[in-house]
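Peer 1: Got a predicted model here, sequence first, then my questions.
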Amino acid sequence: MHEQQLKELGLTDNEVRIYLLLLEHGMVNPSEISQKLGLHRGYVYDALERMQEKEVVNVILKTNKKYYQATSPQNLIELLKFRLESFEKAVPDLMKLATLKKEESKVELHRGKRVYRVLLKDIVSTLKKNDTAYLVGIDEDVLMQEVEPIYLKQYLNAMKSRKIKEKIIIKIGATKLKNQNLEYKELDSKYIGKTAQIIYNNKVAIFILGTPYYLVVIENKEVAETYKKQFNLLWDIAK
């Protein structure tokens, strides 16, 4: 139950088990945790210390014994917001520390069932308020089947909050997502290949469906401008 989301907070599998146990039973001492989960008592103590540092559990003294209690999930949200705000303040200074010389072109290749996570995160982190992304050949049916709903929802919410738009060219009759930030036009399938292309800022992403999926991300201003010109030509003839 929500184990994956909890692991994305930086918890190990057993730390997730401990957190869910505490959430269900309230205050529990390490011996009881050890017995209920079948974990070595020494490991439980170490895990609880790590979880305290991560601020997902609280310690309570009762009759000279330590009991542990899970931090409320609602409080975890506020904690994550605080950490994000703190990190955002540090980003300008961190960027100044980047001493690697930027290459004229940068090409990344990703493969695997969940490369869409890489793509969605990169689009959100790259685009700024009121920017536009340009998409050709996206199959929304495949997108809804393959992208976990929580990630698609987070992506669309991030776009809405930043007022980021998407102009999308799809095959005639293809499914359209209902979202005010998305603008669709349709084109005959003969003009659209079997790959999806996404142009955002100075990047071009080419998404290839198959077994496994492949994602190629090219970062180059001239390449991005060339792909955008091609997109505009298709956009003008699309309906």
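Peer 2: Cool, the structure landed. Numbers count the residues shown, from 1 in each chain.
Peer 1: The residue nearest the centre of the chain: what secondary structure?
Peer 2: The centroid of the chain falls nearest to residue 121 when counting by CA atoms, centre = their mean (4.7 Å). Classification of residue 121 using DSSP: H, G, I helix; E, B strand; the rest coil returns helix.
Peer 1: Please report the distance of it from residue 212.
Peer 2: To residue 212, residue 121 is 18 Å away according to CB to CB, to the nearest Å. In short, each C-beta sits where N, CA and C put it, glycine included.
Peer 1: repeat for residue 116
Peer 2: Taking CB to CB, one finds residue 116 at 12 Å from residue 212.
Peer 1: if you count what's nearby, which of the two comes out ahead?
Peer 2: residue 116 (21 against 12; other CB atoms under 10 Å).
Peer 1: List the buried residues of the helix or strand hosting the more buried one.
Peer 2: Residue 116 belongs to helix 115-126 when assigned by DSSP states H and E. Neighbour counts over helix 115-126 (16 or more other CB atoms under 10 Å) mark 115-117, 119-120, 122-124 as buried.
Peer 1: Ok, stretch 23-34 next?
Peer 2: For stretch 23-34, by 16+ other CB under 10 Å, it's 23, 28, 30, 33-34.
Peer 1: Setting aside sequence neighbours, what's the nearest residue to residue 71?
Peer 2: Taking CB to CB, 6 or more residues apart in numbering, and ignoring the residues beside it in sequence, residue 71 has residue 56 as its nearest neighbour in space, at 5.1 Å.
Peer 1: Tell me where the chain has strands.
Peer 2: Secondary structure of the chain (DSSP state E): strands at 57-62, 65-70, 106-111, 132-136, 165-171, 182-187, 195-200, 203-208, 214-219.
Peer 1: Of those strands, give the one that comes closest to residue 6.
Peer 2: strand 65-70 (10.6 Å; CB to CB).
Peer 1: and the closest one with strand 57-62, angle?
Peer 2: 150 degrees (axes from the mean of the first three to the mean of the last three CA atoms, to 10 degrees).
Peer 1: Counting by contacts, list what strand 65-70 packs against.
Peer 2: helix 13-25, helix 30-37, strand 57-62 (3 or more CB pairs under 8 Å, 6 or more residues apart in numbering; DSSP states H and E).
Peer 1: same question for the shortest one, mean pLDDT?
Peer 2: Strand 57-62 comes out with an average pLDDT of 86.
Peer 1: same deal with the first one?
Peer 2: For helix 13-25, mean pLDDT is 90.
Peer 1: list the helices and strands that helix packs on?
Peer 2: Using 3+ CB pairs under 8 Å, 6+ apart: helix 13-25 touches helix 3-7, helix 30-37, helix 41-53, strand 57-62, strand 65-70.
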